[in-house]
Structure formats: structure tokens, C-alpha cells
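> Coordinates for the following, if possible.
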Amino acid sequence: MSETPEALTKAPMEDVAAAPAERPAEGPTEDNLHSFAELLFFAYRDFTGDPDAILKDFGFGRAHHRVLHFVKRHSGLRVADLLDILNITKQSLSRVLKQLIDQGYITQKAGASDRRERLLYPTESGKALAARLAAPQMVRLRAALEAAGPEGEPAIRRFLETMINAEDRPKVSAITNPSRTHSNPPTADRKDEGKPS
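Below is the predicted model of the structure:
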């Protein structure tokens with residue numbers, strides 16, 4: 001005789017008694033959240049502090065570092081895409097980009113198919129400076145990831161990705177995916193970014 005659906009869903013009383021009482025999962029306390037916020041602050045302070053000291057010698061700031069980083073990692077990046085990545089105004093980017101171009105760290109070329117496009121490439125000096133700025137950060141990241149162990153890396157990556165606004169995660173994933181080729185820079189849905197002024 002086959003059992004009714006009702007009979008299949010009912011557990012014997014001895015099984016229910018033996019099962020541990022289910023408690024609702026407790027989330028982090030407010031103190032824990034403040035502690036994490038402070039850890040992020042101090043981690044960012046030290047992560048950026050190393051290259052900040054180098055940037056001072058060139059009269060540059062963190063905006064210059066970000067531009068150099070992405071142009072080196074994604075050679076041929078469009079100005080429109082860089083604006084999209086950095087989420088800054090065209091005016092702010094123009095000032096920083098002008099300094100980097102004038103001082104020979106970045107070069108700008110017109111697009112092959114669309115002459116209105118401005119494609120950004122690092123010069124040899126730009127590549128060297130970007131590598132110099134990244135070097136202490138790579139040491140710090142390597143040490144932190146080794147301390148976390150191989151099982152910790154996916155959790156750290158998931159934590160950082162979840163900190164990003166949900167609507168931006170696919171775009172960020174396309175930029176940061178380690179298997180991604182750097183010869184194909186990310187693209188923004190903009191037809192004409194114009195020349196930075």
C-alpha cells in the first residue's frame with residue numbers, strides 16, 4: 001500500500017525529539033559591523049599609503065594612480081570606459097589625464113573605426129611607474145591571502161564582490177576576472193565621449 005503525501009511529510013516523534021532545536025541564524029552585531037568598517041578603513045589606509053608615498057615624489061595623487069592602473073591593465077581603454085570605471089566627472093578625469101599625457105606616462109590615440117574615440121595607452125614610463133606603485137600593494141595582498149589560506153580566498157573575494165553595488169557587479173566582474181584578456185578592455189554604452197578638455 002502506498003503512503004499518502006501527508007504520511008511522507010510527517011516525521012516520527014522520536015526523530016523530531018532527537019533533532020536539535022532550530023535557532024534563527026544570528027547576523028553580525030552592530031559592534032561587529034563597526035569593527036569591520038574600522039578594519040576596512042585601516043586596511044585601505046595602509047594599502048593606499050605605500051603608493052601614496054611614491055606618488056608624492058611625482059606630484060601625483062590617488063586619481064593619477066587609478067588612471068595609470070587601469071590604462072596599464074587594459075591598454076587601449078576608451079576614455080568613456082575609464083569614466084565609467086572610475087565613476088568620476090569628465091572634468092576631474094580631464095585634469096588628471098592631461099597631466100599624465102603631458103608628462104609622458106600615457107598616450108592618447110584616435111580609434112581606428114571611430115576617429116571620435118580616444119584610446120589610452122601607457123608609455124614605457126607609464127608602465128614602469130604603474131608597476132612601481134603596484135609592487136608594495138602586491139606584497140601586502142600576497143601576504144594577506146597566504147595568511148588566509150587557500151580556503152579563505154574565495155570567501156574574501158565573495159565578501160569584496162558583495163560590497164559592490166549589485167547593479168555594478170557584472171561590470172566589475174568583467175574587469176577584474178583573472179581569466180579576462182587585457183587586450184579587450186571593458187566597454188561602456190557610450191557612442192561619443194569626445195576629447196577630454
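
> remind me, longest helix of this protein?
helix 30-56 (DSSP state H).

> in that one, what's buried?
Neighbour-count burial for helix 30-56 flags Asp50, Pro51, Leu55 (criterion: 16 or more other CB atoms under 10 Å). For glycine as for every other residue, the C-beta is placed from the backbone atoms N, C-alpha and C.

> Likewise for stretch 105-122?
The neighbour-count check on stretch 105-122 (16+ other CB under 10 Å) flags Tyr105, Ile106, Gln108, Glu117, Arg118, Leu119, Leu120, Pro122 as buried.

> What is the end-to-end distance of that stretch?
By CA to CA, to the nearest Å, the extent of stretch 105-122 from end to end equals 6 Å.

> chain center to it, what's the gap?
24 Å (CA atoms, centre = their mean, to the nearest Å).

> What average pLDDT does that stretch get?
Stretch 105-122 shows a mean pLDDT of 88 in the predicted model.

> Check stretch 84-101 too.
Taken as a whole, stretch 84-101 carries a mean pLDDT of 94.

> What of stretch 47-58?
Averaged over stretch 47-58, pLDDT sits at 96.

> how distant is it from the center of its chain?
On CA atoms, centre = their mean, the centre of stretch 47-58 falls 19 Å from that of its chain.

> contacting residues for Gly149?
Counting by CB atoms under 8 Å, 6 or more residues apart in numbering, Gly149 touches no other residue.

> and the residue lying closest to Val67 once chain neighbours are set aside, how far is that from Ala63?
Of all residues not flanking Val67 in the chain, Val96 sits nearest, at 5.6 Å (CB to CB, 6 or more residues apart in numbering). Relative to Ala63, Val96 is positioned 5 Å away (CB to CB, to the nearest Å).

> mind checking how far the longest helix of the chain is from the chain centre?
Mean C-alpha position of helix 30-56 versus that of the full chain (CA atoms, centre = their mean) differs by 15 Å.

> Tell me which other helices or strands it touches.
helix 62-73, helix 124-148 (3 or more CB pairs under 8 Å, 6 or more residues apart in numbering; DSSP states H and E).

> Which of those has the highest mean neighbour count?
Stretch with highest mean neighbour count among the helices and strands packed on helix 30-56: helix 62-73 (a mean of 21; mean count of other CB atoms under 10 Å).

> Residues contacting that one, please?
The contact list for helix 62-73, computed with CB under 8 Å, 6+ apart, reads 48, 51-52, 55, 58, 77, 82, 85-86, 88, 92-93, 96-97, 99-100, 105-106, 120-122, 126-127, 129-131, 133-134, 182.
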